[in-house]
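Student: My questions are about this predicted structure, shown below with the sequence.
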Amino acid sequence: MDREELLHATPEDSGEPQKKQESPLVSLEKDLAFYADAVKEVAIEIMVEGISAYPIFIAHQHEVNIGEMILNKEELNTEWTIQASTLEEFIEKGIINKEKKESFLKVYKKPEDFMCVFVIVPEGANFIYYPYKKGRG
């Protein structure tokens, strides 16, 4: 997948609506909105049980060997699987360097308001923060 596919087509393209060539991040946003309540529940559980003050969720479409699966795309008929992990596991597995922990914590957003998501795509991986919706029942 090239950069244009990942970041949408550029405006100078045909002007026609794109045919199913949308960024995988579009489907990720849809799935995260669908998963938000369940993810928030797990985040709170991780913190309340004293497992970690820094829950991290992994969004992927393949197999990964980190965290524990909480939302399976096959079972839920979605496009992304979500696994729950923690800052401590990310450091232990070397995904976040011990020396970078303080830098990570400076940008880590309040877990009651945002899910910290480590998004894995074939081109690489990155952290995003997805806000939980306010006022949802």
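Tutor: Arrived safely.

Student: so how far is Leu28 from Thr78?
Tutor: The gap separating Thr78 from Leu28 is 10 Å, by CB to CB, to the nearest Å. Bear in mind the C-beta positions are built from the backbone N, C-alpha and C, glycine included.

Student: Which residue ranges of the chain form helices?
Tutor: 3-6, 24-48, 73-76, 87-92, 101-107 (DSSP state H).

Student: Among Thr78 and Leu28, which residue is more densely surrounded?
Tutor: Just comparing Thr78 and Leu28: by other CB atoms under 10 Å the higher neighbour count belongs to Leu28, 21 against 18.

Student: Now for the most centrally placed residue in the chain: which residues touch it?
Tutor: What sits nearest the mean C-alpha location of the chain, by CA atoms, centre = their mean, is Val117, with 2.7 Å. By CB atoms under 8 Å, 6 or more residues apart in numbering, the contact set of Val117 is 32, 56-59, 127-130.

Student: Before I go, just wanted to say thanks for your time.
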